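# Pasting the sequence and the predicted coordinates here, then a few questions.
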Amino acid sequence: MTSDPVSKSNAPTIESRDQLIASFAHGEKPKDRWRIGTEHEKFVYSTSDHHAPSYDEAGGIRALLGELEQYGWTPVMEGGNVIAMSGADGSISLEPAGQFELSGAPLDNLHQTCAETGRHLEQVKAAGEKLGIGFLGMGMWPDKTRAELPIMPKGRYAIMLRHMPRVGAMGLDMMLRTCTIQVNLDYASEADMVKKFRVGLALQPLATALFAASPFTEGRPNGMLSYRSHIWSDTDPARTGMLPFVFEDGFGYERYADYALDVPMYFVYREGRYIDAAGLSFRDFLKGELSVLPGEKPTLDDWNDHLSTAFPEVRLKTFLEMRGADGGPWNRICALPALWVGLLYDSQALDAAWDLVKDWDIGDRQRLRDAVPKLALDAPLPGGGKLRDVAGQVLDIAGAGLSARSRLNGAGDNETGFLDPLRDIVRSGKVPAEVLLERYHGAWNGDVSKVYGEASF
């Protein structure tokens, strides 16, 4: 959701808007330094009764974090509480209701990504077995009300929990009841960023469809296949959405900086504590006129924190984040970066993907995004047909891009195999949520608790 802040002691003070724009240019990297950063969240539950453990209870979230120290993870503290872990494989952090996230290290290839994911899951499963904890891979809690969920002791979450109901009906559901898989990717130049951003936004509904895995709310079907994606449609319109301006002539770093400046603030982090700035203007902060910090100007770290509180379908920092997918099981964690690396990291694949979507207009893209949470691959495609009609073609483009990268493992395999779970979905015609619904109406006999046996890691 948002990155844990770092110390502001050495961060340069921002004196002008130009410095904000330049921060994006600092992310540019030559192709041989492009990396893959994969983030994945999972729900934590007690194996005895499926409740979501609180932070402090015996065998709860604090204990789970503590168990991971034996694997070389170092605690990150806030207010006397361990709220994250850092290590060679990136960082482990807590979402608001205890969803457990690995933000992986920047890696060269998907073989490394899958090895990293495997190490993480092996570690948390071993810790979980000791504590009586399991891990569920879905896009939304299938059976929990908001009231049944704990709140983690992180200062920014208290601010967000207060602010969310002011700006949208489902922001608290986003915070407390959802999980996602994301991938962070690099760009070589402003023009490269723009093309990747546009392809990523236009095809984000396809990722949402292929990964749709949130068909239940509080124990019953909710009428959606990706309810997680639906939640984002009424979370906070000032910081979410498909960003039509990305497709306008002249889009680049400057235009995104202006968008981010207009996203209302959540907080400022100073000396280990969060200062509530919810709804205030970063433009005022730039002028030294922020009411909660009068006379003080932001640092570059304040800007980076602020960028992490915008939640569009694709997000720009010093890299691009693909944000459309529901959480899911192990093989789909590796499949999401495979999809986007294949499409965006090879120039011919990127051109082919852009050719597919370049004629869609603002209305086309928005209608597709709006239809996908309910219809997934049956969402109407701009120009006629359904999303499923191009899904195989997009996977073929991604596969060709991965083949062209020619990143081989020790057995001589390239990265294309990581697309296989998505190819299976397209071949079957059923997204993960549809398979779960079949189970619910069939073998589970309407008992959603059976999902713990089928969707746990």
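Okay, I see it.
# The residue nearest the centre of the chain: what secondary structure?
By CA atoms, centre = their mean, the mean C-alpha position of the chain lies nearest to Gln182, the distance being 3.9 Å. Assigned by DSSP: H, G, I helix; E, B strand; the rest coil, the conformation of Gln182 is strand.
# from now on call the first residue 179
Taking 179 as the first residue, the last one we looked at is Gln360.
# My understanding was that it contacts Asp504; is that so?
No: the pair Gln360 / Asp504 is not scored as a contact, 11.0 Å apart, by CB atoms under 8 Å. All C-beta spots, glycine's among them, are computed from the backbone N, C-alpha and C.
# And Ser281, how close does it get to Ala531?
Distance, Ser281 to Ala531, by CB to CB, to the nearest Å: 26 Å.
# Also Leu381?
Here the criterion is CB to CB. By it, Leu381 lies 7 Å from Ala531.
# For the stretch 279-428 of the chain, just list every one of the helices.
When assigned using DSSP state H, counting those that start in this stretch, the helices of the stretch 279-428 of the chain occupy the ranges 288-309, 333-345, 349-355, 368-388, 405-410.
# Could you single out the most deeply buried of the ones you listed?
Burial of these is given as mean neighbour count (mean count of other CB atoms under 10 Å); helix 405-410 ranks first at a mean of 26.
# from the chain's centre, how far out does it sit?
Using CA atoms, centre = their mean, to the nearest Å, we find the averaged C-alpha position of helix 405-410 to lie 13 Å away from the chain's own average C-alpha position.
# Could you check the angle the lengthiest strand in the chain makes with helix 288-309?
Counting residues, the longest strand found in the chain (DSSP state E) is strand 214-224. Between strand 214-224 and helix 288-309, the angle comes out at 20 degrees (axes from the mean of the first three to the mean of the last three CA atoms, to 10 degrees).
# In CSV, list the C-alpha atoms belonging to strand 214-224.
Extracted C-alpha coordinates of strand 214-224, given in CSV (Å, rounded to 0.1, in the frame of the first residue of the first chain):
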residue,chain,number,x,y,z
ILE,A,214,12.1,-6.8,-11.3
GLY,A,215,10.6,-6.1,-7.9
THR,A,216,7.7,-8.3,-6.9
GLU,A,217,5.4,-7.6,-4.0
HIS,A,218,2.8,-10.0,-2.8
GLU,A,219,0.4,-10.0,0.1
LYS,A,220,-1.4,-12.8,1.9
PHE,A,221,-4.0,-13.2,4.6
VAL,A,222,-2.9,-14.6,7.9
TYR,A,223,-5.3,-16.8,9.8
SER,A,224,-5.4,-19.1,12.8
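# tell me which residues in it are buried?
The neighbour-count criterion (16 or more other CB atoms under 10 Å) identifies 214-224 as the buried residues of strand 214-224.
# again, but for stretch 393-405
Neighbour count says stretch 393-405 has 393-395, 399-400, 402-405 buried, by 16+ other CB under 10 Å.
# these two touch, right, Thr216 and Leu517?
No: counting by CB under 8 Å, Thr216 stays clear of Leu517, with 11.6 Å between them.
# what residues are shared contacts of Leu381 and Ala531?
521, 572 (CB atoms under 8 Å, 6 or more residues apart in numbering).
# circling back: find the nearest non-adjacent residue to the residue nearest to the centre of the chain, please.
In space, and not counting its chain neighbours, Gln360 is closest to Glu217: 4.4 Å by CB to CB, 6 or more residues apart in numbering.
# Next up, the contacts around the closest residue to Arg213 other than its chain neighbours.
With CB to CB, 6+ apart as the criterion, Arg213 has its nearest non-adjacent residue at 3.6 Å, and that residue is Pro284. Taking CB under 8 Å, 6+ apart as the definition of contact, the neighbours of Pro284 are 213-215, 362.
# Can I get the helices of the stretch 279-428 of the chain in CSV including mean pLDDT and distance to Lys322?
Shown next, in CSV, are the helices of the stretch 279-428 of the chain (pLDDT from 0 to 100; distance: least, CB to CB, whole Å):
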stretch, mean pLDDT, distance to Lys322
helix 288-309, 98, 18
helix 333-345, 96, 16
helix 349-355, 98, 6
helix 368-388, 98, 22
helix 405-410, 98, 13
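# Check the residue nearest to Arg213 and give its pLDDT.
Note on Pro284: pLDDT of 98.
# any idea how far Glu247 is from Ala203?
38 Å.
# after the longest strand of the chain, next one along is what?
helix 239-245 (DSSP states H and E).
# Please identify the buried residues of that following helix?
Of the residues in helix 239-245, those buried (16+ other CB under 10 Å) are 239-243, 245.
# of those, closest to Met352?
For Met352, the nearest member of those is Ile239. The distance, counting by CB to CB, is 19.4 Å.
# So the closest one is in contact with Tyr223, correct?
No: distance between Ile239 and Tyr223: 11.4 Å, which falls outside the contact criterion (CB under 8 Å).
# picking that back up, between Ser281 and Ala531, which one's more packed in?
Between Ser281 and Ala531, counted using other CB atoms under 10 Å, the more crowded position is Ala531 (26 against 20).
# what's the pLDDT at the more buried one?
Ala531 is given a pLDDT of 98.
# who's in contact with it?
377, 381, 521-522, 572, 575.
# of all those, which two lie farthest apart?
Across the contacts of Ala531, no pair lies farther apart than Leu522 and Val572, at 12.0 Å, counting by CB to CB.
# Which one's more surrounded, those two?
Looking at Leu522 and Val572 with other CB under 10 Å, you find the greater number of neighbours at Leu522, namely 27 against 24.
# My read is that the more buried one contacts Arg376, right?
No: checked against CB under 8 Å, the pair Leu522 and Arg376 is beyond contact range at 10.7 Å.
# follow-up on the earlier one: from the contacts of Pro284, pick the one nearest Asp440.
Lowest distance from Asp440 to the contacts of Pro284 (CB to CB) belongs to Asn362, with 23.4 Å.
# For that closest one, list each beta-bridge partner.
When bridges are taken as DSSP bridges, the partners of Asn362 come out as Gly215, Glu499.
# can you list the weak-confidence ranges in this protein?
Counting by pLDDT under 70, the chain shows low-confidence ranges at 179-187.
# cutoff 50 now
Per-residue confidence of the chain (counting by pLDDT under 50) places the weak regions at 180, 184-186.
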